[in-house]
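1. Have a look at this prediction, sequence included:
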Amino acid sequence: MLMLDINSIRSLHIELTTRCNARCPMCMRNYRGYSYNSGYPITELLLEDIQKIFSIDFLKQIRHVNFNGNLGDFSNAKDALKIVDYFLTNSTSQIQIETNGSANTPEWWAQLANRRITILFALDGLEDTHSTYRIDTNWNKVIANAKSVINNNGNAVWKFIPFMHNKHQINECKALAKDLGFTDFTLWDQGRNQTPVYSRKGEFEYWIGTNGWPGGIPKVTDLLNNHLSWFDPSIKMSIDIDESSRLNCISMQNQEIYLAADGSIYPCCFTGFYPETMHQPGNSQIKPMIKNNNALEYPLSECVEWFTTLQKSWDLPDIMSGKPYICLNTCRSR
Ligand code: SF4
Ligand code: SF4
């Protein structure tokens, strides 16, 4: 079995903040558009935190840094530019930034135009469709910010999530990306295709995907209660997963760790949905395995030690006996 110790880490995935200017309905920082926090902290990492967690000496072994995360957008972090500069100066790593791209000014984004940085801008269609999913973002602003990176000789990638409401625009967006000078166009299909969308207060607004579910428009509180209660590893549940599957840990293969915005360390973003406080299916299995994993309090070498407990759980026969649902759902061999 692969083991990940501090000396073998080559790649970092970092969530700088849990703040975001957008309200994407399938993002866990809200519930289908409804303002609901299921237990994550509103927090962010400052330059001094990053310097404390990743010493200059440690950075010498790092080859790749990805600024993304589960619950916030890179561009909302106060020290984002200074932190990127810390990595550029003290490591030879390639840097990737994934963003909704709608916050800040073209001048701010121009400072990230650097051949070692690739910025993936979430552009889910053209002006008339983009904000159906990327609620509270502005297509023209994202394009202006991306153009600023491109015109200053930086790398911008057009990242497109296909939905029923925008997939007829894929070819047009691809052509526009080429015309504008994006270095790449990427389709990212994760099955985000069907949901009712609610206002911040919980009033139904529209459907993403087909118009309607059997039974009409559900109340957001009913859906939320189901979401919070369906996963209970102490009872035999009906889950459409072969629980005996072998696990191929992507993080171990990539020699990567995940840093959440409160300083806590996980093998990956899937396990890093704040298991100690957040109500997420599967978090209750991960929580008791975690020990001393906050890198603002403990050395990084100690923060990864609990991964061994997680790895041992992969050999268990099924979810009821403690095999993590999160790992099965994400990394089972198919
Ligand atoms: S841009 Fe990212 S962090 Fe912000 S709401 Fe959308 S998915 Fe969530
Ligand atoms: S979900 Fe589990 S198996 Fe998959 S990358 Fe994360 S820790 Fe590894």
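-> Great, that's in hand. Ligands and ions are numbered 1, 2, ... in the order given.

2. which residues in the stretch 101-250 of the chain form strands?
-> Along the stretch 101-250 of the chain, the stretches classed as strands by DSSP state E, counting those that start in this stretch are 117-122, 155-160, 184-187, 195-198, 204-208.

3. Those: which one's closest to L71?
-> Ranking the strands of the stretch 101-250 of the chain by their distance to L71 (criterion: C-beta to C-beta) puts strand 117-122 first, at 15.1 Å. In this view, the C-beta of every residue, glycine as well, is placed from N, C-alpha and C.

4. just the angle between the closest one and strand 155-160, please?
-> 20 degrees (axes from the mean of the first three to the mean of the last three C-alpha atoms, to 10 degrees).

5. Report all helices and strands that strand 117-122 contacts.
-> Contact analysis of strand 117-122 by 3 or more C-beta pairs under 8 Å, 6 or more residues apart in numbering; DSSP states H and E lists strand 94-99, helix 139-151, strand 155-160 as its packing neighbours.

6. contacts for the second one?
-> By that I understand helix 139-151. Helix 139-151 is touched from outside by 100-102, 104-110, 112-113, 119, 121-123, 125-127, 130-131, 155-156, 158, 180-182, with contacts defined as C-beta atoms under 8 Å, 6 or more residues apart in numbering.

7. ok so, going back, just say which of the helices and strands packed on strand 117-122 is most tucked in.
-> When you average the neighbours per residue for each of the helices and strands packed on strand 117-122 (mean count of other C-beta atoms under 10 Å), strand 155-160 leads with a mean of 24.

8. That strand vs ligand 1: in contact?
-> No: on the criterion C-beta under 6 Å from any ligand atom, strand 155-160 is out of touch with ligand 1, staying 11.1 Å away.

9. To what extent is the residue of the stretch 51-200 of the chain found nearest ligand 1 buried, counted in neighbours?
-> Among the residues of the stretch 51-200 of the chain, N100 lies closest to ligand 1, at 3.8 Å counting by C-beta to the nearest ligand atom. Under the neighbour criterion other C-beta atoms under 10 Å, N100 is assigned a count of 27.

10. quick one: it and A22 touch, right?
-> Yes: with contact defined as C-beta atoms under 8 Å, N100 reaches A22; the gap is 4.8 Å.

11. what sits in contact with each of these two?
-> The contact sets of N100 and A22 overlap at 73, 134, 137 (C-beta under 8 Å, 6+ apart).

12. Tell me which of the helices and strands packed on strand 117-122 lies nearest to S245.
-> strand 94-99 (28.3 Å).

13. Summarise which helices and strands the closest one is packed against.
-> Judged by 3+ C-beta pairs under 8 Å, 6+ apart, strand 94-99 is in contact with strand 64-67, helix 80-90, strand 117-122.

14. need the contact list for the closest residue in space to E172 that isn't next to it in sequence.
-> Residue nearest to E172 in three dimensions, not counting chain neighbours: L126, with 6.6 Å by C-beta to C-beta, 6 or more residues apart in numbering. When contacts are counted by C-beta under 8 Å, 6+ apart, L126 is found next to 139, 166, 169, 172-173, 176.
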